[in-house]
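A.B. asks: give me coordinates for this.
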Amino acid sequence: MRNKVFALVGCLAMFLICSCGQKGNIRNEQESENRIMQQEDGTVSLKLDKAACYNDVTNPSNNTADWNVVISKPGRFKVWLTSATRDTSELGYSNSVKVNILDDHLEVNPVVDKVVHNSGDVPSSYFRADSYVGSFYVQEPGEYNIQVISEKIIAKNTGSKSVPSVDDTMLMSVILAPAKR
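C.D. replies: Have a look, this model is predicted:
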């Protein structure tokens, strides 16, 4: 009887060890699928619909989007916000937007620096407005977490999938463009 109990406990232990390892592999596969890779020209395009988004119901200015980014060509990057807007003279961000990577923290009250007409990146009744945030330097190749904090970040699972009719401006993406010397 004692041998059967030991055998049963041993089988359960082996089952738990094997199943935990499999869950870890599944998670690693999902994390690698969610990584954003730097493009051949050095640009990194971070679309909001590819981010892990967190909404703060009590204080929407703390809404956050996170991306895991693989930088293969380090250097200085200019950071741009891409918004979909109906009003190209005023974006209507109530609070500043914060962009964080490592120890670099950029903060800006977005304004329209460039308007792109007939952009396929935004819904048809909107214009694409690009706002310059600043720049940061990445010293070494590797995987980095980039975080954006803004009230314009809305998680996919909150609300409908249609374009909100109340909001005249929506944050669409963050672009890291290599700075030219």
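
A.B. asks: rest of the way, CA atoms for contacts and neighbours
C.D. replies: OK.

A.B. asks: got the domain ranges for this protein?
C.D. replies: Using automatic domain parsing, the domain parsing of the chain gives 1-33, 38-178.

A.B. asks: and the last one, how far apart are its ends?
C.D. replies: Start and end residues of domain 38-178 are separated by 10 Å (C-alpha to C-alpha, to the nearest Å).

A.B. asks: and that domain, how far from the chain's centre?
C.D. replies: Centroid displacement of domain 38-178 relative to its chain, using C-alpha atoms, centre = their mean, to the nearest Å, is 8 Å.

A.B. asks: between the domains of the chain, which gets the lowest average pLDDT?
C.D. replies: Mean pLDDT per stretch puts domain 1-33 lowest among these, at a mean of 44.

A.B. asks: so which residues of this structure form strands?
C.D. replies: Under the criterion DSSP state E, strands of the chain are mapped to 35-37, 44-47, 52-54, 64-71, 75-85, 97-101, 104-108, 114-116, 127-138, 142-149, 169-178.

A.B. asks: list of residues touching the longest one?
C.D. replies: So the one you mean is strand 127-138. Here strand 127-138 makes contact (C-alpha atoms under 8 Å, 6 or more residues apart in numbering) with 74-88, 104, 106-108, 110-119, 121-122.

A.B. asks: make a ChimeraX selection of the buried ones in these.
C.D. replies: Of these, the buried ones can be selected in ChimeraX as follows, counting by 16 or more other C-alpha atoms under 10 Å:
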select :74,75,76,77,78,79,80,81,82,83,84,85,86,88,106,110,111,112,115,121,122
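
A.B. asks: burial measure for K50, as a count.
C.D. replies: Residues contacting K50 under the criterion other C-alpha atoms under 10 Å number 15.

A.B. asks: how close does it get to S135?
C.D. replies: From K50 across to S135, the span is 22 Å (C-alpha to C-alpha).

A.B. asks: same question, M170
C.D. replies: Using C-alpha to C-alpha, M170 is found at 22 Å from S135.
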